[in-house]
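K.L.:
Give me a model of this one.
(2 chains)
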Protein chains: 2
Amino acid sequence: MAKGMQGFGYAFCLLLSVLLNILLVANILYGGDGEWRLRELKWSQDAAAAAETVAALQCSGHGRAYIDGKIGDDGITPVCECHNCYSGPDCSLLLPDCFADADSGDPLFLEPFWVQNAASSAVVVSGWHRMSYSFPGSSNPGSAYFSQELENHIRKVHAVAGNAITDGKYIVFGVGSTQLCNAAVYALSLENSSSLSPAKVVAKIPFYPLYKSQTEYFETKYYEFQGDPSLLKNDTDAAGNVIEFVTSPNNPDGHLRAPVVGGPFARAIYDRAYYWPHFTAIPAAADEDLSIFTISKLTGHAGSRFGWAIVKDKSVYENMFMYIKAAELGISKETQLRALTLLKTVLQGDGRGIFNFSYEKMKSRWEKLSQIISQSHRFTLQEISPKYCNFFEKIRGPSPAYAWVKCLWEEETNCTTVLEAAKIIGRAGSMFSAEDRYVRLSLLKRDDDFEQLLVRLRELVAIEDGAKTM
Amino acid sequence: MAKGMQGFGYAFCLLLSVLLNILLVANILYGGDGEWRLRELKWSQDAAAAAETVAALQCSGHGRAYIDGKIGDDGITPVCECHNCYSGPDCSLLLPDCFADADSGDPLFLEPFWVQNAASSAVVVSGWHRMSYSFPGSSNPGSAYFSQELENHIRKVHAVAGNAITDGKYIVFGVGSTQLCNAAVYALSLENSSSLSPAKVVAKIPFYPLYKSQTEYFETKYYEFQGDPSLLKNDTDAAGNVIEFVTSPNNPDGHLRAPVVGGPFARAIYDRAYYWPHFTAIPAAADEDLSIFTISKLTGHAGSRFGWAIVKDKSVYENMFMYIKAAELGISKETQLRALTLLKTVLQGDGRGIFNFSYEKMKSRWEKLSQIISQSHRFTLQEISPKYCNFFEKIRGPSPAYAWVKCLWEEETNCTTVLEAAKIIGRAGSMFSAEDRYVRLSLLKRDDDFEQLLVRLRELVAIEDGAKTM
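P.N.:
Alright, predicted model coming up:
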């Protein structure tokens, strides 16, 4: 009897063990999460494990390690790269006298969105992925260099955001909107190259510094930078053509803009980098001859250097394509692959997730900043009036990318130095061809940067009555 | 007794089953290949599985599917993209009257190397990877845009290949060597910008067409394209500066070259794209003021658009960096990450694997081609004499990237049309500013392309006596 029980016990344990074996084999072959996808990886396992190992490194939430980062003393593991104002091996040390750096337009406020969407936004690039110069042939000249799938997804994102009409228009890719700015100037200058004088490139003050620096740097006989449109001489310049940068919403002040220059020879390049629900109400879909967008201000991937122009005229499209071809025989295939993966994530579900995330984040930052500045008699911010937004289907308040701060006290003609004395780094008004009484503060950076900016601003506003009497 | 045996049998099976359990658990937690790496992936599993699924698609060895390719009728799976001359859903159909396309310098002969090294060359890019414009700050201006790890690996690859001295020199990254050509012209033209006349840009015939097309396209007041150095007028041009493209080995003819222009105002841009053991003997490490390299002709990744310049003078380096900055605020971070991963694979073991692979492949191609042309009285190839190679430590024969074919018959002044009639697409001599009696055939493409070229050439040479008497 005892032996019979023992035999039964063995048989029962064996049954359990065999069942466990079956489950474990199933787990190896397929995922344990209910989905029947193949789990066994052949060649991508090591790369995936390496990426996950680095991503799992703890940098106290104030830094991050990267797979191409500096390697630590062990000779294998990358070290934490700390956010501004943080230090130590795990970035846990807040530096006491640190400057709040609100200079650059680095759009890192979007980083948490991508951490939240880690699975869908990851991309595995095989060693043999798209080694060729060209995609397989297709209908228009650009399709050899530009991914058709990516172009389709760009059109879909605009349809969801309702910020641009792409039907019947061409799309050119560039190495960031940066490159497309000059490609557009170049292409438009050829449109009226029979004119004796070079095209005058203008932008209303305050304007993004690159228009001037880049246009002057790459000046040809077909165009030259002029500056504010008020500098145009009606009598002599009417015969030549004018190319106007229209930045809407504007960098630095966030205002929606229309062209200043009219007439038959005026052509506009709409810089639409910030024309997303993140930063502005969308009163209507842009429907212009030439608009430039960048992934930098849509998904936050400034480091990818990827932008696109939406172009109505075939000849302008072809000239812009020729520029990209002459400059560098196309655009990085891995950048295009990653951009495609990111846009697929953007379009998941109803495709509104990234806009809700960004708008809430930027609105909240603007409100916190405004609240502090409202206590001040020394500084003001630009005013952006609420507008009806087609995307949110309601009247919505401001959530701009930058604060355009003005120093009100008569003697404080250089607002940048005023802020710098309070350990705040901004970008001087003169950089935007405006008065130095203005300074631009970036609201786009990481939470750590923004929090540090609030800390320094609160300190500054708190002592302002004392500063006045000094 | 029988029951005792049964109990023993159960116990034995249970022991086996439990052992199997342990093995399976170990297999889940760690790889089955003896390495104790963590197998459970959190966020990269789906991306890895997607990449492997697409890579596993069978396209008969005459095509390939890509994760960013056109999606098939099932709405999920990308379709096969067939190599030239192949067709059908699985690319198994050889088109009967197909042209051998030997036009472009697409370096796809290296594709099999990367399939062989699939695991080490795969890279996983997380959604939050390097979103910033900049790498964390460092010593020189470029380090904000250029990966320091990648720069270190570039220096190591040159040390292994023995083809360039990088010690004490600066490295600038560009969107392919293409962009660096113009960046170099621009930067060197500023070095002597006090001169009244623009710098004359020259290149000895036959030369790579881009030097002319690009330099003319981006002409500024500081430089202009002149053409062959023999066009320089000694009396008037001696005062101005001269910028000479020295392509060594040369595209199209594979000859090692030295500058033609001398004197105090002459500056050379060495295009070293083909200066790798793949294509030429390496008589000595290049040690020039300004040399340009590209990943395209080292690893075969033309689609990545990544190149670098090795620069001696700090001011030239800074001017080239300024060009990259003005053009597009840096270089794609995912491209840099992938380039780093590829170079790490190149450097595996003794770092000589890719050079052995490429040299054998290119040498074999040259021998097959030479064998066919040696039967002909109608065509000749360029002669490249054997040279001592520091890399292989022996005298080695030719393995050039291109055949520079000459039509010998007096009446056949356009060699391109002669080949075209035989269903061979080459690049006309006039594209290289040479006679059309010459034509360039690319030996860099996929095996399928090269085999098709051999087929067509054999047919052509076989009928040549008949053609002469016609």
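
K.L.:
how many other residues sit next to residue A:199?
P.N.:
The number of residues packed near residue A:199 is 27, by other Cβ atoms under 10 Å in any protein chain shown. C-beta: built from backbone N, CA, C; applies to glycine.

K.L.:
Am I right that residue A:122 is in contact with residue B:47?
P.N.:
Yes - assessed by Cβ atoms under 8 Å, residue A:122 is found in contact with residue B:47 at 4.1 Å.

K.L.:
Settle it for me: which of these two has more neighbours?
P.N.:
Using other Cβ under 10 Å, the more surrounded residue of residue A:122 and residue B:47 is residue A:122, with 30 against 27.

K.L.:
Contacts only, for that one.
P.N.:
By Cβ atoms under 8 Å, 6 or more residues apart in numbering or on different chains, the contact set of residue A:122 is A:51, A:341, B:43, B:44, B:46, B:47, B:124, B:125, B:126, B:127.

K.L.:
any chance you could map the helices in the stretch 301-450 of chain A?
P.N.:
Listed in chain order, the helices of the stretch 301-450 of chain A (DSSP state H, counting those that start in this stretch) span residues A:314-328, A:333-346, A:353-373, A:415-421, A:447-462.

K.L.:
and the second one, anywhere near chain B?
P.N.:
Yes - under the criterion of Cβ under 8 Å from any Cβ of the partner chain, helix A:333-346 makes contact with chain B via A:333, A:334, A:335, A:336, A:337, A:338, A:340, A:341, A:342, A:345.

K.L.:
so the first one touches residue A:130, yeah?
P.N.:
By that I understand residue A:333. Yes - Residue A:333 is within contact range of residue A:130, at 3.8 Å (criterion: Cβ under 8 Å).

K.L.:
what residues are shared contacts of these two?
P.N.:
With Cβ under 8 Å, 6+ apart, residue A:333 and residue A:130 have common neighbours residue B:303.

K.L.:
quick one on the thing from earlier: in helices, which of the contacts of residue A:122 appear?
P.N.:
In helices, defined here by DSSP state H, the members of the contacts of residue A:122 are A:51, A:341, B:46, B:47.

K.L.:
Disregarding residues adjacent in the polypeptide, which is nearest to the first one?
P.N.:
The one in question is residue A:51. Closest residue in space to residue A:51, ignoring its immediate chain neighbours: residue B:124 at 3.8 Å, by Cβ to Cβ, 6 or more residues apart in numbering or on different chains.

K.L.:
now do the second one
P.N.:
Taking Cβ to Cβ, 6+ apart, and ignoring the residues beside it in sequence, residue A:341 has residue A:123 as its nearest neighbour in space, at 4.3 Å.

K.L.:
Doesn't residue A:171 belong to a strand?
P.N.:
Yes - applying DSSP: H, G, I helix; E, B strand; the rest coil, one finds residue A:171 inside a strand.

K.L.:
residues contacting it?
P.N.:
A:142, A:146, A:151, A:154, A:155, A:308, A:309, A:310, A:311.

K.L.:
per-residue confidence at it?
P.N.:
You'll see residue A:171 listed with a pLDDT of 98.

K.L.:
gap between residue A:196 and residue A:222?
P.N.:
The gap separating residue A:196 from residue A:222 is 11 Å, by Cβ to Cβ, to the nearest Å.
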